[in-house]
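How does the following fold in three dimensions:
(one chain, ligands or ions: 1)
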Amino acid sequence: MAANSRFKKLLFVINPISGDVDKSDLEDAIAQYGRSHQLEFKIYKTSGEDDFKKLKNLLSEYGPDAVFAAGGDGTVSLTARVVKNSDVPLGIIPVGSGNGLSKDLGIPQTIEEALTLITNHAIKAIDTLELNGHPCFHISDLGFNALVVARYSEAESRGPQTYAFIALQEYLDYECHEYRVETDQEVFEGAAFMITITNSNAFGSNVKINPNGVIDDGIFEICLIESFPKMAAFKIMYNLYAETPENSEFTRILSCREATIYNYTDTLAQIDGEVVELGKKITIKQLPKSLRVVVPAE
Ligand SMILES: Nc1ncnc2c1ncn2[C@@H]1O[C@H](COP(=O)(O)OP(=O)(O)OP(=O)(O)O)[C@@H](O)[C@H]1O
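Numbering: from 1, shown residues only. The predicted model follows:
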């Protein structure tokens with residue numbers, strides 16, 4: 001991890017709708033921080049249409065020292081795709097509902113504190129993943145959670161209560177699906193409740209699906225929750241929150257450098273909070289140290 005030079009010119013990507021909160025305070029806070037630290041900056045507000053292309057153009061025209069994503073995991077993922085494989089680092093101001101990657105990177109969770117990383121930070125190069133060519137910067141999964149994410153994206157209200165309500169409704173009738181997971185180390189074949197693919201540790205909800213994952217070690221994890229009797233759900237959840245998934249006989253973590261998953265029934269998949277069509281054969285590739293991120297100085 002490199003301690004880094006001062007940023008002088010910044011691009012902020014603000015999602016006006018993320019986390020269901022008004023962003024005028026955020027814009028005021030950015031303007032104030034910019035004034036007091038003599039920063040040149042631009043704000044790009046996402047529209048949900050063509051943002052990737054517009055941001056790619058803005059990145060090359062404006063030439064910022066860093067790009068800060070102010071939104072939830074979807075906005076972070078959009079901005080990460082824009083700066084990936086460039087020298088421009090990604091900063092995060094967490095103003096979504098989950099903010100998973102920012103928590104895993106130790107980024108402060110208030111706007112005021114997150115802004116201080118502009119002037120006092122380190123830069124870390126992290127590994128990212130691709131699932132059938134779709135980039136993943138935090139967590140992907142197949143099965144139960146992807147179904148809940150799909151229903152949540154269509155829900156009229158947002159927030160953890162809505163998510164928990166949908167999860168409970170879907171859980172009661174959920175049937176596990178059959179998969180085959182081939183990694184460079186081992187093979188799993190059987191029914192699973194969900195399969196999570198990640199370099200990171202926890203979902204935005206703080207469920208530690210992969211407590212020992214290291215985001216820049218060249219290795220990623222496939223976390224299996226195998227088919228289990230409904231009565232075992234509480235114990236599984238307890239062990240996930242307690243960071244002891246190994247205490248549950250229904251969870252298993254495969255560490256690997258590459259993998260192929262056969263999703264025989266083509267169950268739903270989600271990548272960083274967005275539902276994606278991946279088909280029945282999913283090839284997972286790791287791209288070591290392919291994204292530079294702004295993190296707290298040590
Ligand atoms: N101006 C806009 N109007 C409507 N939708 C938008 C707009 N800008 C971005 N979006 C949509 O917002 C979604 C991304 O939201 P994001 O993930 O950042 O916030 P969130 O869902 O509240 O937080 P989290 O992912 O942390 O739960 C994308 O689907 C994107 O298309």
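
going forward, measure contacts and count neighbours with C-alpha atoms only.
Will do.

low-confidence ranges in the stretch 1-150 of the chain?
Along the stretch 1-150 of the chain, the parts satisfying pLDDT under 70 run over 1-5.

can you do 90?
Applying pLDDT under 90 to the stretch 1-150 of the chain flags the ranges 1-6, 17-24, 73, 85-86, 96-99.

need the residues of it near the ligand, please.
Taking Cα under 6 Å from any ligand atom as the contact definition, the stretch 1-150 of the chain meets the ligand at 15-19, 46-48, 71-75, 96-99.

Any of the residues you listed buried? List them.
Buried members of those, scored by 16 or more other Cα atoms under 10 Å, are 15-19, 46, 71-75, 96-99.

ok, so of those residues, who is nearest Asn206?
Gly98 (8.8 Å; Cα to Cα).

Confirm that that closest one lies within a strand, as I assumed.
No: assessed with DSSP: H, G, I helix; E, B strand; the rest coil, Gly98 is coil; it does not lie in a strand.

nearest spatial neighbour of it, skipping sequence neighbours?
Here the nearest residue to Gly98 in space, its sequence neighbours aside, is Gly204; by Cα to Cα, 6 or more residues apart in numbering that works out to 4.1 Å.

and that neighbour, which of the three is it?
Following three-state DSSP, the label given to Gly204 is coil.

so where do the helices sit in the stretch 101-250 of the chain?
Secondary structure of the stretch 101-250 of the chain, counting by DSSP state H, counting those that start in this stretch: helices at 111-115, 144-153, 160-173, 233-241.

so what pLDDT did the closest residue to the ligand within the stretch 101-250 of the chain get?
Closest approach between the stretch 101-250 of the chain and the ligand, counting by Cα to the nearest ligand atom: Gly204, at 6.9 Å. Turning to Gly204, the model gives it a pLDDT of 86.

Among the residues of the stretch 1-150 of the chain next to the ligand, which are located in helices?
Members of these lying in helices (criterion: DSSP state H): 73-75.

Where does the prediction get shaky in the stretch 151-298 of the chain?
For the stretch 151-298 of the chain, the stretches with pLDDT under 90 are 153, 155-164, 172-173, 203-207, 230-249, 298.

Would you map the strands across it?
With strands called from DSSP state E, counting those that start in this stretch, the stretch 151-298 of the chain shows them at 177-183, 187-198, 220-226, 251-256, 258-263, 269-271, 274-276, 281-295.

With the stretch 1-150 of the chain instead?
Secondary structure of the stretch 1-150 of the chain (DSSP E, counting those that start in this stretch): strands at 2-3, 9-14, 40-45, 66-71, 90-94, 122-131, 134-136, 139-143.

mind giving me TSV with those and columns for distance to Ser248?
Below are these laid out as TSV (distance: least, Cα to Cα, whole Å):
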stretch	distance to Ser248
strand 2-3	38
strand 9-14	40
strand 40-45	44
strand 66-71	35
strand 90-94	32
strand 122-131	27
strand 134-136	27
strand 139-143	19
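
among the ones you listed, which is the most enclosed?
Among the strands of the stretch 1-150 of the chain, the stretch with the highest mean neighbour count (mean count of other Cα atoms under 10 Å) is strand 90-94, at a mean of 28.

gap between it and the chain center?
Strand 90-94 has its C-alpha centroid displaced from the chain centroid by 12 Å (Cα atoms, centre = their mean, to the nearest Å).

other SSEs contacting it?
For strand 90-94, the packing partners by 3 or more Cα pairs under 8 Å, 6 or more residues apart in numbering; DSSP states H and E come out as strand 66-71, helix 73-83, helix 100-104, helix 111-115, strand 281-295.

Identify each buried residue in the third one, please.
The neighbour-count check on helix 100-104 (16+ other Cα under 10 Å) flags 100-104 as buried.

what's the neighbour count on the closest residue to Ala29 other than its chain neighbours?
Distances taken as Cα to Cα, 6+ apart put Glu112 closest to Ala29, at 7.3 Å, once the chain neighbours are dropped. By other Cα atoms under 10 Å, the residues close to Glu112 number 14.

Please report how far Glu112 lies from Ala31.
Separation of Glu112 from Ala31 (Cα to Cα, to the nearest Å) stands at 12 Å.

Please apply the same query to Glu154.
Between Glu154 and Ala31 the computed distance is 34 Å (Cα to Cα).

Ser47 too?
According to Cα to Cα, Ser47 stands 21 Å off from Ala31.

repeat for Ser77
The value you get for Ser77 to Ala31, if Cα to Cα is used, is 24 Å.

So which of these two has more stuff around it?
Taking neighbours as other Cα under 10 Å, Ser77 and Ala31 compare with Ser77 leading, 21 against 17.
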